[in-house]
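Asks: coords below, sequence missing:
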């Protein structure tokens, strides 16, 4: 999968997406400040949310209060969204810093707007996973799609994934739990493997709403190629997503540590060249465990394996030495070698 200039997949470090979302509270200056801090903290990609309220919701939304807000969902979006002109400015600023700019459209109008301003890919939030007409509309643009899968099972995801597969767009599925914040008791790290097994054509990632970097780094260790977390300049702000947002120091930690985890994840199980000096002293060699005379037939009680591993016969060949006849006398703790025995095959 490729978004803008960035290749995404198991062979590449995970893409860490800093989601500004609506943490800016509808203030462009704050949004640009957050984007600048994300860039300084090592993010390659920032994500916004694009809301055109009248095309996104009906009047009934004015009486729906999310669990993480003290106002209706209509009021949240009305108060915390940027205008179209402000979002264009934000995208330009992010790209001037070398960042990839993505956004989640919550309506058909928002999707059309994002195409007009040239986003390289779309993010579909968990709440829109079963909005099949919107997914179909977005997929028709032919751009890569990242889709969070919170509040869904493998079975219920099938309808949406079928649309993505039939459209032939590159797509990623992010394991996600939609509680803000999400305690470990309900976060599903197993979901990463389940998504990979069920949808082998998808790039798999993790959208994290927990507190701290633990779940995200664990997801990387399990093979997540994308990690998305909410981001803020400071948690001393109000807003529905602030509680599960990382600050600049946490973002830098996540970027650096996720790259380290990915590096280690790519290494096979084998002795490395760097370990050779350690191996030479840490492994064992076969030695005489007591003074032994020439012609003695070796029994188990006559020998042992001790450090260092500089002897000719390594400890794992202990059983091959048992039953051999000494060609010379040896004293206790002498490292044994094959010429110490009468002619044998070993």
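Replies: Received it, and whenever you're ready, just let me know what you need. Keep in mind it's a predicted model, so treat the numbers as computed, not measured.
Asks: going forward, measure contacts and count neighbours with C-alpha atoms only.
Replies: Will do.
Asks: Just the buried positions in whichever helix in the chain runs longest, please.
Replies: Secondary structure of the chain per DSSP state H: the longest helix is helix 248-265. Using 16 or more other Cα atoms under 10 Å as the test for burial, helix 248-265 gives 248, 251-255, 258-259, 261-262.
Asks: That one: how far from the chain's middle?
Replies: Remark: helix 248-265 is offset 9 Å from the chain centroid, using Cα atoms, centre = their mean, to the nearest Å.
Asks: Check which element follows that helix along the chain.
Replies: helix 276-282 (DSSP states H and E).
Asks: Now tell me what touches that following helix from outside.
Replies: 307-310 (Cα atoms under 8 Å, 6 or more residues apart in numbering).
Asks: average pLDDT for the helix or strand that it is followed by?
Replies: Next in sequence after helix 276-282, counting helices and strands by DSSP H and E, comes strand 285-288. Strand 285-288 carries an average pLDDT of 98.
Asks: Now strand 285-288: buried residues?
Replies: 285-288.
Asks: again, but for stretch 278-285
Replies: Neighbour-count burial for stretch 278-285 [16+ other Cα under 10 Å]: 279, 283-285.
Asks: With stretch 141-154 instead?
Replies: Judged by neighbour count using 16+ other Cα under 10 Å, the buried positions of stretch 141-154 are 143-150, 152.
Asks: swap in stretch 203-223?
Replies: For stretch 203-223, the neighbour count (16+ other Cα under 10 Å) marks 203-211, 213, 215-217, 219-223 as buried.
Asks: Helices of this structure, start to end?
Replies: 28-40, 53-56, 73-80, 84-96, 108-116, 132-139, 154-167, 190-198, 214-221, 248-265, 276-282, 318-321.
Asks: Run through the neighbouring helices and strands of the third one.
Replies: Contacts of helix 73-80 with other secondary structure elements, assessed using 3 or more Cα pairs under 8 Å, 6 or more residues apart in numbering; DSSP states H and E, are made with helix 53-56.
Asks: which residues are contacting the helix it packs on?
Replies: Helix 53-56 is contacted from outside by 74, 77-78, 106-109, using Cα under 8 Å, 6+ apart.
Asks: now it, how far from the centre of its chain.
Replies: The chain centre lies 33 Å from the centre of helix 53-56; the measure is Cα atoms, centre = their mean.
Asks: Show me the shaky parts of the stretch 201-346 of the chain.
Replies: Applying pLDDT under 70 to the stretch 201-346 of the chain flags residues 344-346.
Asks: thinking again about what came up before, helix 28-40 and the longest helix of the chain, what's the angle between them?
Replies: 30 degrees (axes from the mean of the first three to the mean of the last three Cα atoms, to 10 degrees).
Asks: what helices or strands is helix 248-265 leaning on?
Replies: strand 15-21, helix 28-40, helix 214-221.
Asks: The first one: partners in the sheet, and parallel or antiparallel?
Replies: Looking at strand 15-21 with DSSP bridges, its partner strands are strand 45-50 (parallel), strand 226-230 (parallel).
Asks: For residue 13, find the nearest of those.
Replies: Nearest to residue 13, of all those, is strand 226-230, at 8.8 Å by Cα to Cα.
Asks: So for this protein, the centremost residue is which one?
Replies: residue 220 (2.8 Å; Cα atoms, centre = their mean).
Asks: Surely that one is in contact with residue 256?
Replies: No: using Cα atoms under 8 Å, residue 220 is not in contact with residue 256; the gap is 12.0 Å.
Asks: Tell me which of the helices of the chain sits nearest to residue 67.
Replies: Residue 67 lies closest, by Cα to Cα, to one member of those: helix 73-80, at 10.0 Å.
Asks: wait, what's in contact with the closest residue to residue 149 other than its chain neighbours?
Replies: Closest residue in space to residue 149, ignoring its immediate chain neighbours: residue 126 at 5.1 Å, by Cα to Cα, 6 or more residues apart in numbering. Applying Cα under 8 Å, 6+ apart to residue 126 gives the contacts 147-151, 176, 178.
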